[in-house]
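S.K.: predicted structure and sequence below. I'll ask about it afterward.
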Amino acid sequence: MHYDFMNYVFFCLLCKKNRRSRWRKYEAELQRCHPEALPVEFGDYHPLKPIMVTDTKTRRGTRKGSTSSSSSSSSSAPADPLSSMLDGTDPLSMFAAASTSETSALSHGGSGGDLGRKKRVKEEEPIGADFEPWSTKRGEILARFTTTEKLSINLFMGSDRGKAPNPGTSAVSEKVRTRLEELDDLEEGSQRELLNLSQQDYANRIEELNQSLKEAWSSDQKVKALKIVIQCSKLLSDTSVIQFYPSKFVLITDILDTFGRLVYDRIWTMCSDPRTLPDSFTAEDVNDTAKETCLNWFFKIASIRELLPRLYVEAAILKCSRFLSKSGIQETLPRLTAMIRGIGDPLVAAYARAYLCRVGMEVAPQLKESLNANFFDLLATFRQVSGDSVQRQLHLQRVEAPEYLTLYSPAINWILQCIAYRAPEQLLTEMMERCKMMVNNALLLNSIMRAFRPEFVATRATDFIGMIKDCDESGFPKHLLYGSLGRSLACADPPESERLTILNEAWKVITKVRNPQDYMNCAEIWVEFTCRHFTKREVNTVLADIIKHMTPDRAFEDAYPQLQSVIRKILTYFHDFSVLFSMERFLPFLDMFQKDSVRVEVCKSIMEVFIKHQLEVTRDPVILNAMLHICKTMHDSVNALTLEDEKRSLALLIIGFIRMVSFGRDFEQQLSFCVEARATFCNLEPVLVQLIHTVNQLAMETRRVVKGNHSRKTAAFVRACAAYCFITIPSLSSIFSRLHLYLLSGQVALANQCLSQADAFLKAAVSILPEVPRSISVEGKLRSSETFLLDFINNFLATLLVVPDHPEHGVLYLVRGLLNMVQDYTWEDNSDAKVRVYISALPLLAAMSQETYLYSIPKVDSNETLYGGDPKFLSEINKLCETLIGQILDHLKTLTRDEQSVRRQSALAFSLFGVLLAHGDLRNNKLSQLSVNLWNLSHKHGHCETRVSVRTLESIKHQAQQPDMAHLADAIQRLALQSRT
């Protein structure tokens, strides 16, 4: 039978004075809660047992439609559930089997030349991932070789005769004659010269030509496409703006690469009808139509009159020689290499050789002879660099010889890289010897050191130093040579006995470099060699030399990237910060970073390495002073415009440092450090929070050392720790940080028997509760603060059990103060948070009425000792319980307006029922009746979850079996499950 809500509320209010908490035997309850040990039987099946995947192999039978499958699986393995759903057929296995069968069919269905093809593939030795491709060098060349002078370009203006003829309008011979005439038309002046182009305009024009090439090809205007390529190739003979030539080479060879790719794909498509051509095809696999088309392209190119475009365009489609004959590429490469000897300009010839080597490495990397021939031809013609014609050209363009020689670097570096790739030591040694015999060989020597394997250069470092000494300083600066040598030595180690000599010889030259930028570029490279093989003494000497060179005229302002690189390299090899900060010149080196953003980045990199590699706490004054200086630099960079993410990043680094500081048993020194850190890092709130945690941990460590028996000195110290926290917490802006730290610091003070300090912390926490806003920002989104506030209040209530009452403030003054604040707090509309706090306070009051408390703090007398079960104290608890229950019931009475209110009423009634069941003395008939009424109210409208209700009833039945809980059996009879009708 359901009771009317108003009737049973009135009845409950009449019987308040007979209500009391039941006595609890915590140890006995804990024993009963231990789970019983039951024997576990292990079966053969377990869902996490490894499943044997069935490999289904499909064999095609000779008869049409007949298939048979063989499955290999273990008989003891459980069935694969996926296989059972798919009738034993795994679709992935089917595709794999089909692919395997098709591959097998192709391999067995071919001609008898398969073994020869496999041998050819092996002989070709495709380029591996260890070979640096040209694409990685392209951007560097374009960025390095620039000009401010005006450029010119010959832009082809084609006629309509270059368009594709209508099919059937002329014979094949007529087509050939027409196309040859069109090519002649191009060379006889059908072009226009564009002048006064900037570098960007020039690059844009070349890109337009590249797009025009693709459009002409897609619209079947093959001759027009060839005209564009020829026109672009001719531009490579122009050295009027010689400083831009390497970048011009990069831009135009992009067009040549596009053309070569289009021609190759076109012929490949013709060969793929009706079946696809294999990757390892031979000329015998190519049909006649494709061969004829391929020959036609080579004949067209052979008809080009000028040497340079004919050479470049044929090199661009060199890969197509595979369609004509097995030895086509092998025969063509030497011929093209010999053709380059007819180019008079040594710079133009060097880049033509570089392009031929690039194409050769792509199509036939195994043909090393042509690579070597190109390099030896380059050596033979290198004396032209000092010839009259070149010198006149440099004089006209006002280009110095060292600058001119650097224009060769990309081409020579690439040629040597191709030669050095997987080359035997003997060949590299031979090239080194040939370079020795040349006069003015600095450029070649520089390229050799950059192209050859670092291990090869490192083992011969002394020989290279001797060659550098013999070089002519005027032709190519020696500091650049030492820079290239240093790059190799940073990757490979020279013989140990030669390392100091190498460093001394190199630094003699580097320190004489007057230009700060050139000096820094070279010094940055050799810092790594010094850090890698020497001690702090040598590194300190290098840092002193850098400071000496970069301080005059504030030259360091133009070299921040290189200076940052020096710091990174030092941090890579020096992880012992006591050694690092003992270098006299390290901190003065950091002082050169005058720009705020750069200085902060350097400090952050130092802190990151410190946190990563400093495994043990430290008290070293050298480290502490230096790190405090670095952390202060980061902290002082914070201003009103600093982003929150940046503040958080800086705070985490400083916190990492604070956690690594420990003065051992010298607790007073540790506290002094925290006082100094608080003054230093006052603008970063997370750092202040960490300092408060550190001081609280310090107080608990003191308690552990004295084993809870404080002397006058240690008692004064822990009170000083409490004072530190009490002073620091109000400076925090986050209200919840303050609340939690007040509570935590109060708990620490209580554990250290500092009762007045604990009292002050807890009262401060209660006093700021009204300041809690109704919504807070969490990860950039506004969220209600109720959940966070309820969590805090529950933790606060749990602490109040062990807090003794103050003799001057009456009984339960902290509990009353908290509840008054909760009552006066402005909660959200339609919120039950206040009532939930009241419900949470009832278990606390019930626990306070016990003779022995559930938990206590050693050497701190809680209210159980102070009052000793005094009836007046228990009466105060009962009065407070009555008041809270009255407030709860009044609130339940208001929740009848709508469906949502009834749902909230059900949840609150069930929560209060659970509290009365756990903490109330249900032997009292009236209290038992109230619990039954609450049960019925929570189930009246069917909003209570049935599963929870069933488990609650089972729990009550289990408790009723205990000797001192037999009275619950009567209550069970009156608790029924109800649902909405």
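M.R.: Received it, and whenever you're ready, just let me know what you need.

S.K.: report the separation between residue 375 and residue 706.
M.R.: Between residue 375 and residue 706 the computed distance is 81 Å (C-beta to C-beta, to the nearest Å). Quick note: C-beta positions are derived from backbone N, CA and C, even for glycine.

S.K.: same check, this time on residue 908
M.R.: Distance of residue 908 to residue 706, given as C-beta to C-beta: 47 Å.

S.K.: compare these two (neighbour count), which wins?
M.R.: residue 908 (23 against 16; other C-beta atoms under 10 Å).

S.K.: what about residue 206, neighbour count?
M.R.: The number of residues packed near residue 206 is 18, by other C-beta under 10 Å.

S.K.: and what of residue 890?
M.R.: The number of residues packed around residue 890, counting by other C-beta under 10 Å, is 12.

S.K.: cool, residue 491 as well?
M.R.: The number of residues packed around residue 491, counting by other C-beta under 10 Å, is 12.

S.K.: what does residue 948 give?
M.R.: Residues contacting residue 948 under the criterion other C-beta under 10 Å number 11.

S.K.: contact partners of the helix or strand it falls within?
M.R.: Using DSSP states H and E, the element containing residue 948 is helix 946-960. Applying C-beta atoms under 8 Å, 6 or more residues apart in numbering, the set of residues contacting helix 946-960 from outside is 910, 914, 917, 939, 965-966, 968-969, 971-972, 975, 977, 979.

S.K.: need the pLDDT of residue 957.
M.R.: What the model reports as pLDDT for residue 957 is 87.

S.K.: now residue 167
M.R.: The per-residue pLDDT reported for residue 167 equals 45.

S.K.: now swap in residue 531 and tell me
M.R.: If you check residue 531, the pLDDT there is 94.

S.K.: so where's this structure uncertain?
M.R.: Within the chain, the set of residues satisfying pLDDT under 70 comprises 1-20, 32-126, 154-195, 273-274, 439-440, 473-475, 978-981.

S.K.: for it, which segments count as strands?
M.R.: If DSSP state E is used as the criterion, the strands of the chain fall at 55-60, 67-72, 151-156, 191-197, 775-778, 781-784.

S.K.: touching the fifth one from outside, list them.
M.R.: Surrounding strand 775-778, the residues in contact under the criterion C-beta under 8 Å, 6+ apart are 735-736, 782-785, 788.

S.K.: take the residues you listed and lay them out in a markdown table including distance to residue 387.
M.R.: Formatted as a markdown table, the entries for the contacts of strand 775-778 read as follows, by distance: C-beta to C-beta, whole Å:
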| residue | distance to residue 387 |
| --- | --- |
| 735 | 82 |
| 736 | 81 |
| 782 | 78 |
| 783 | 79 |
| 784 | 85 |
| 785 | 84 |
| 788 | 83 |
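
S.K.: filter these down to the buried ones and hand me the PyMOL line.
M.R.: PyMOL command restricting the contacts of strand 775-778 to the buried ones, with burial defined by 16 or more other C-beta atoms under 10 Å:
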select buried, resi 735+785+788
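
S.K.: looking at the contacts of strand 775-778, spot the one nearest residue 899.
M.R.: Compare each of the contacts of strand 775-778 with residue 899 using C-beta to C-beta and the shortest gap goes to residue 784, at 21.8 Å.

S.K.: how close does the closest one get to residue 772?
M.R.: Residue 784 sits 11 Å away from residue 772 when distances are taken as C-beta to C-beta.

S.K.: likewise for residue 443?
M.R.: Going from residue 443 to residue 772 by C-beta to C-beta gives 74 Å.

S.K.: pick out whichever of the two has more residues nearby.
M.R.: Each of residue 443 and residue 772 had its neighbours counted (other C-beta under 10 Å), and the higher figure belongs to residue 443 (25 against 19).

S.K.: mind listing what residue 377 touches?
M.R.: If a contact means C-beta under 8 Å, 6+ apart, then residue 377 has 337, 340-341, 353 as its contacts.

S.K.: pull the distance from stretch 288-295 to the chain's centre.
M.R.: A distance of 52 Å separates the centroid of the chain from that of stretch 288-295, by C-alpha atoms, centre = their mean, to the nearest Å.

S.K.: got it, and stretch 437-453?
M.R.: Centroid separation between stretch 437-453 and its chain, computed with C-alpha atoms, centre = their mean, is 39 Å.

S.K.: and stretch 810-817, by the same measure?
M.R.: That offset, for stretch 810-817, works out to 53 Å (C-alpha atoms, centre = their mean).

S.K.: adjust the sequence numbering to begin at 51 for everything that follows.
M.R.: Fine by me, first position is 51 from now on; the one you just mentioned is stretch 860-867.

S.K.: in the lengthiest helix in the chain, what's buried?
M.R.: For the chain, the longest helix by residue count, based on DSSP state H, is helix 295-321. With burial defined by 16+ other C-beta under 10 Å, the residues of helix 295-321 counted as buried are 295-310, 312-314, 316-318, 320-321.

S.K.: stretch 371-390 now?
M.R.: Of the residues in stretch 371-390, those buried by neighbour count under the rule 16+ other C-beta under 10 Å are 371-375, 378-379, 382-383, 386-387, 389-390.

S.K.: and the two most separated of the residues you listed?
M.R.: By the measure C-beta to C-beta, 373 and 390 form the most distant pair in those, at 24.5 Å.

S.K.: still on that earlier bit, the helix holding residue 998: how far from the chain's middle?
M.R.: Its chain's average C-alpha position is 51 Å from that of helix 996-1010, according to C-alpha atoms, centre = their mean.

S.K.: ok, now stretch 552-567?
M.R.: Relative to the centre of its chain, stretch 552-567 is centred 38 Å away, using C-alpha atoms, centre = their mean.

S.K.: what lies in contact with that stretch?
M.R.: Identification of contacts with stretch 552-567 by C-beta under 8 Å, 6+ apart yields 511-512, 515, 518-519, 528-529, 532, 535-536, 539, 544, 569, 572-573, 576, 579-580, 583-584, 588, 592, 595, 599-600, 605, 608-609.

S.K.: what is the end-to-end distance of that stretch?
M.R.: Taking C-alpha to C-alpha, to the nearest Å, the span from the opening residue of stretch 552-567 to its closing residue is 23 Å.

S.K.: and if you look at stretch 1004-1018?
M.R.: The straight-line separation of the ends of stretch 1004-1018 (C-alpha to C-alpha) is 12 Å.

S.K.: likewise for stretch 847-857?
M.R.: 20 Å.

S.K.: list the buried residues in it.
M.R.: Counting neighbours by 16+ other C-beta under 10 Å, stretch 847-857 gives 847-855 as buried.

S.K.: and stretch 320-328, by the same measure?
M.R.: Along stretch 320-328, the positions that meet the burial threshold by neighbour count (16+ other C-beta under 10 Å) are 320-321, 327.

S.K.: how about stretch 248-256?
M.R.: Under the neighbour-count criterion of 16+ other C-beta under 10 Å, stretch 248-256 has 249, 252-253, 255-256 buried.

S.K.: same check, this time on stretch 495-515
M.R.: 495-504, 506-511, 514-515.

S.K.: try stretch 414-429
M.R.: By 16+ other C-beta under 10 Å, the buried positions in stretch 414-429 come out as 414-415, 417-418, 420-425, 427-428.

S.K.: which ones among the buried residues of stretch 248-256 lie within helices?
M.R.: Here DSSP H is the test, and these give 249, 252-253, 255-256 as lying in helices.

S.K.: nearest to residue 979, of the residues you listed?
M.R.: Comparing those against residue 979 with C-beta to C-beta picks out residue 253 as the nearest, at 92.4 Å.
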